[in-house]
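Trainee: Here is a sequence with its predicted model. Questions after.
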Amino acid sequence: MKVYWGLRCDFGHSWGGFFDEEQEVPMQCAQGHEAVMVTKHPPVDQVQVSFRPAGRIVDHVTQQTRFERKVWLVVQSLQADWQHTSAECYSWREAERLARLFEGVSVEKAKILIKEREL
């Protein structure tokens with residue numbers, strides 16, 4: 001399971017990130033000081049949304065492209081154990097509009113939205 005790690009040294013430096021729970025995290029700050037405080041927090045159940053460029057070269061000789069200014073909408077759980085890629089590609093602006101539907105949405109709610117909107 002991925003969790004948010006937060007670390008702090010005696011000199012006030014903070015570091016951390018979103019890592020697998022079993023993954024080794026750096027126990028020293030960038031200045032080489034040992035961590036004196038380590039916290040681990042599970043993420044909330046919300047999906048992440050990204051845009052995958054849909055453009056591709058369809059003719060290597062002429063360098064002709066297709067879907068060059070289009071994107072796929074990708075909705076994924078934070079644990080990366082579930083992912084959905086849209087059935088069609090969209091303009092960037094249309095993808096932005098659709099992405100807003102998933103703001104603060106759980107994985108289960110995202111699945112319902114995808115089915116309702118036929119994404």
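Mentor: Yep, that arrived. Fair warning: this is a prediction, and the values are worked out from it, not measured in the lab.

Trainee: Please work out which residues outside the helix or strand where Glu108 lies touch it.
Mentor: Taking DSSP states H and E as the definition, one finds Glu108 inside helix 107-117. For helix 107-117, contacts defined as Cβ atoms under 8 Å, 6 or more residues apart in numbering pick out Asp45, Val47, Val75, Ser77, Trp82, His84, Leu98, Leu101, Phe102, Val105, Leu119. C-beta here means a position set from N, CA and C on the backbone, and glycine is covered the same way.

Trainee: which among those end up buried?
Mentor: Among these, the ones that count as buried by 16 or more other Cβ atoms under 10 Å are Val47, Val75, Ser77, His84, Leu98, Leu101, Phe102, Val105, Leu119.

Trainee: Filter these down to just the ones in helices.
Mentor: Leu98 (DSSP state H).

Trainee: The buried ones among the contacts of helix 107-117 in strands, which ones?
Mentor: Counted as lying in strands by DSSP state E, out of the buried ones among the contacts of helix 107-117, are Val47, Val75, Ser77, His84.

Trainee: Quick check: the last one vs Val107, distance?
Mentor: Distance check for His84 against Val107: by Cβ to Cβ, to the nearest Å, it reads 10 Å.

Trainee: Repeat that for the second one.
Mentor: When distance is defined by Cβ to Cβ, Val75 is 9 Å away from Val107.

Trainee: Now do the shared contacts for those two.
Mentor: Here Val75 and Val107 share the contacting residues Val47, scored by Cβ under 8 Å, 6+ apart.

Trainee: could you pull out the helices for the chain?
Mentor: 92-100, 107-117.

Trainee: Would you mark the buried spots in the first one?
Mentor: Going back to what we said before, that points to helix 92-100. Under 16+ other Cβ under 10 Å, the buried positions of helix 92-100 are Ala95, Leu98, Ala99.
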